[in-house]
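Undergrad: no FASTA, just this:
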C-alpha cells in the first residue's frame, strides 16, 4: 500500500492546475493535508482582492489530498466555503485539511484557510465518496 506522501505525489504530479496555482506541500498524513501558496496578480478580481475561486481551489486541493491519503481513491460529492476576510496580492495562504469522519463510502473534512499572520480567511467543508479502487 502506498504512503500518504506517495499518493500525494501521484496526484500532484498530474495536476497542472494545482501546480499553476503554486501550491506547495507542507504536510500530508492519513486523513490530513496542509498546503501553502502565494497570491499573485493574475489571481485578483475586479475589486483588487483574490477571486473567491482561489481560496476555494486551495482548500479543494488540500481536501482531495487528505481524502485520498488512506489509499482508496476518493472524489468530492459536496463542498461549501465561507469567505470571512479579504485576501490580497502577496498574501501567503495555508489550507489545513482535517478529517472529521471516515466511513466506508463517505468521509467528511473541514479545511481552514489562513494567512501568514494566522488569521482565518475562509472555512471550507467537503464530503467525499470513497471508491473501492485503491491507489496502486
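TA: Everything's here; your move. Since the structure is predicted, the reported quantities are computational estimates derived from the model, not experimental observations. Residues are numbered from 1 along each chain as shown.
Undergrad: show me where this structure has strands.
TA: According to DSSP state E, the chain carries its strands in the segments 24-29, 32-38, 72-83, 92-102, 106-114, 120-134.
Undergrad: which helices and strands does the longest helix belonging to the chain pack with?
TA: Of all segments of type helix in the chain, defined using DSSP state H, the longest is helix 52-68. Contacts defined by 3 or more Cβ pairs under 8 Å, 6 or more residues apart in numbering; DSSP states H and E place helix 52-68 against helix 4-12, helix 16-21, strand 32-38, strand 72-83, strand 92-102, strand 106-114, strand 120-134. Yep, even glycine has a C-beta here, placed from its N, CA and C like the rest.
Undergrad: how about the longest one: buried residues?
TA: The reference is to strand 120-134. Within strand 120-134, the residues scored as buried using 16 or more other Cβ atoms under 10 Å are 121-128, 130.
Undergrad: and the second one, by the same measure?
TA: Residues 18, 21 are the ones in helix 16-21 that count as buried (16+ other Cβ under 10 Å).
Undergrad: nearest the geometric middle of the protein, what residue?
TA: Centroid check for the chain by Cα atoms, centre = their mean gives residue 62 as the closest residue, at 2.0 Å.
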